[in-house]
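*Asks:* Starting from these lines, generate the structure:
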Amino acid sequence: MYAIPLGDDGAELRPLEPSHAEEFLAHIDRGREFIGRFNGLPDVVTDIGSSRAFLQVYAEKTATDTGRIAGIRLDGTLVGALIFRRMDLVQRTAEAGCWLEPAAVGRGLVTRAARVMIDWAVEERGIHRVEWVVSSGNAPSIAVARRLGMTTEAVLRASHLYRGERHDQEVWAVLAPEWRAARRSR
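*Replies:* You can find the predicted model right below:
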């Protein structure tokens, strides 16, 4: 299995597979309340079976080139993930997402991991448009979208029902030419 260093602080990006179900569940348990503020994953991954099932969905997406998941590790411990919830190679679009447990917040891990994943999607898979859909209340995720050079394109008012409450969602995106230009200037 590959590991891509995300800097010199012990952070790396590695694939997550169904065989990591136990470790994945432990990670979700450590951050369950924090992750669940804006992300429904803690409501889905509740035991070893549901953890394995979630990772199996992404194993199948990886096999069919319709999605991807990679774990963010800090000193070997799984602390978050970056996903392509969907990838459409015909339309050349992808939707990225992320989460971290509280101990990993504030280190730039999501931004660094997203840069690796978006580079791969654009350069290796020919993706032209990467979207980032985020609750308007999720300021840290919006800050990541900005750091990635994404542009806000829409606010979908009261579009997402989550835990009995309606939330606005923002759609951010970056196009391949914009991504490449920003990468050259970094």
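
*Asks:* burial count for L74?
*Replies:* 19 (other Cβ atoms under 10 Å). C-beta: built from backbone N, CA, C; applies to glycine.

*Asks:* what bridges to it?
*Replies:* L74 has these beta-bridge partners by DSSP bridges: A11, T77.

*Asks:* so who does it touch?
*Replies:* Neighbour list for L74: D9, G10, A11, A104, R107, L109 [criterion: Cβ atoms under 8 Å, 6 or more residues apart in numbering].

*Asks:* Redo those residues as CSV? Include distance to S51.
*Replies:* Putting these into CSV (distance: Cβ to Cβ, whole Å) gives the following:
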residue, distance to S51
D9, 27
G10, 24
A11, 23
A104, 19
R107, 25
L109, 21
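
*Asks:* Can you check these and name whichever has the most neighbours?
*Replies:* L109 (25 neighbours).

*Asks:* pretty sure that one contacts L100?
*Replies:* Yes - using Cβ atoms under 8 Å, L109 makes contact with L100 at a distance of 6.4 Å.

*Asks:* what residues do the two have in common as contacts?
*Replies:* I72, V79, G80.

*Asks:* now those residues in TSV, with secondary structure?
*Replies:* Formatted as TSV, the shared contacts of L109 and L100 follow (DSSP: H, G, I helix; E, B strand; the rest coil):
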residue	secondary structure
I72	strand
V79	strand
G80	strand
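
*Asks:* Would you mind writing the ChimeraX command to select the buried ones in the residues you listed?
*Replies:* Here the buried members of the shared contacts of L109 and L100 are turned into a ChimeraX selection, burial being counted by 16 or more other Cβ atoms under 10 Å:
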select :72,79,80
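
*Asks:* Kindly indicate which of the contacts of L74 lies nearest I35.
*Replies:* Set against I35, the nearest of those by Cβ to Cβ is A104 (10.9 Å).

*Asks:* what's near enough to touch the closest one?
*Replies:* Counting by Cβ under 8 Å, 6+ apart, A104 touches I72, L74, V79, G80.

*Asks:* Same question for A21.
*Replies:* I48, S51, R52, L55.

*Asks:* Just the element for it, please.
*Replies:* Element membership for A21 (DSSP states H and E) is helix 21-35.

*Asks:* Now do the very next helix or strand once past that helix: distance to the chain's middle.
*Replies:* Reading on from helix 21-35 to the C-terminus, the next helix or strand found by DSSP H and E is helix 41-44. Distance of helix 41-44 from its chain centroid, counting by Cα atoms, centre = their mean, to the nearest Å, is 15 Å.
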